[in-house]
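>>> next comes the sequence, and after it the predicted model I'd like to discuss.
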Amino acid sequence: DAGVTQSPTHLIKTRGQQVTLRCSPKSGHDTVSWYQQALGQGPQFIFQYYEEEERQRGNFPDRFSGHQFPNYSSELNVNALLLGDSALYLCASSLGPRGSNSPLHFGNGTRLTVT
Amino acid sequence: QKEVEQDPGPLSVPEGAIVSLNCTYSNSAFQYFMWYRQYSRKGPELLMYTYSSGNKEDGRFTAQVDKSSKYISLFIRDSQPSDSATYLCAMEPYGSGNTGKLIFGQGTTLQVKP
């Protein structure tokens, strides 16, 4: 049973560039959430996708955008990269609405370094 | 003030010790409580998930929730060197719909020495 998979595992970008991170949810899951984890901090919610729509967004600027595909996989795009965007980006999947008591399962993340 | 407070540690204990990890929170709307374990260079791994006050046990792990005090704990019995990791508490408000918006603590780094 495949868990959440993310690609790439590491990425180095220059300020001002754009980046796309990819996520495949755990088998059987249809909902994808993205989190940013700075060094020494807990993950912070970016947004969630369900039924190919953004359902809720955290306190992140519009430079952060996403997409969900019909096969439930998802992409996170970040434009105009800043040094402060350097972090571990985590994808988490779950099944259906949160009220169904479906806890999140995380991938191992993409380590983004902006120079 | 952060919604979820967690002592970052580090916490160092000898093998076999009982470990107590704690989080406090300020938002009374939080109803779902989770503990995740995160090894270095890995994603968080779900350990415990509960939505009610009281205790929940799973092997060497016990999660405790006290909603009246806005306080949650994770106890690890007979700690092992393989338990060395960062432990993250996470919470979600009831009725938030299909959001998946967890609020995490900062994480506590635990080292279990052989």
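Received, thanks.

>>> stretch B:17-25 and chain A in contact?
No. Legend: contact between stretch B:17-25 and chain A by CB under 8 Å from any CB of the partner chain is lacking; minimum distance shown is 10.2 Å. Where C-beta positions appear, they are placed from N, C-alpha and C, glycine not excepted.

>>> what comes into contact with that stretch?
Stretch B:17-25 is contacted from outside by B:3-7, B:11, B:13, B:35, B:70-79, B:83, B:87, B:89, B:91, B:103, B:105, B:108, B:110, B:112, using CB atoms under 8 Å, 6 or more residues apart in numbering or on different chains.

>>> one more: stretch A:42-50?
Contact with stretch A:42-50 is made by A:30-38, A:54-60, A:64, A:66-68, A:74, A:76, A:90, A:96-97, B:4, B:6, B:44, B:88, B:90, B:98-107, as judged by CB under 8 Å, 6+ apart.

>>> thinking again about what came up before, pull out the buried members of the contacts of stretch B:17-25.
Buried residues within these, defined by neighbour count using 16 or more other CB atoms under 10 Å in any protein chain shown: B:4, B:6, B:13, B:35, B:70, B:72-76, B:79, B:83, B:87, B:89, B:91, B:103, B:105, B:108, B:110, B:112.

>>> which ones among those residues also lie next to chain A?
Among the buried ones among the contacts of stretch B:17-25, the residues lying close to chain A (CB under 8 Å from any CB) are B:4, B:6, B:103, B:105.

>>> inside helices: which ones of these?
Judged by DSSP state H, the subset of these located in helices is empty.

>>> so what's the residue nearest the centre of chain A bridging to?
The residue lying closest to the centre of chain A (CA atoms, centre = their mean) is residue A:34, at 2.9 Å. Per DSSP bridges, the residues bridged to residue A:34 are residue A:47, residue A:91.

>>> tell me what the closest residue to residue B:7 other than its chain neighbours is bridged to.
Counting by CB to CB, 6 or more residues apart in numbering or on different chains, residue B:108 is the residue found nearest to residue B:7 once chain neighbours are left out, at 5.8 Å. On the basis of DSSP bridges, residue B:108 is bridged to residue B:87.

>>> list the contacts of residue B:108.
B:6-11, B:21, B:86-87.

>>> what residues does chain B put near chain A?
Within reach of chain A by CB under 8 Å from any CB, chain B has these residues: B:4, B:6, B:8, B:32, B:34, B:36, B:41-46, B:49, B:51, B:88, B:90, B:92, B:95-107.

>>> quick one: pLDDT of the residue in chain B that chain A sits nearest to?
The minimum distance from chain B to chain A, using CB to the nearest CB, falls at residue B:104 (3.2 Å). On pLDDT, residue B:104 comes in at 95.

>>> tell me the spacing between the nearest residue to it once chain neighbours are set aside and residue A:6.
Closest residue to residue B:104 apart from its sequence neighbours, by CB to CB, 6+ apart: residue A:42 at 3.2 Å. Residue A:42 sits 18 Å away from residue A:6, going by CB to CB, to the nearest Å.

>>> from the contacts of residue B:108, which land in strands?
Among those, the ones falling in strands (DSSP state E) are B:6, B:11, B:21, B:86-87.

>>> now for the residues you listed, which pair is the farthest apart?
Taking CB to CB as the measure, the ones in strands among the contacts of residue B:108 span a maximum distance of 11.3 Å, between B:6 and B:11.
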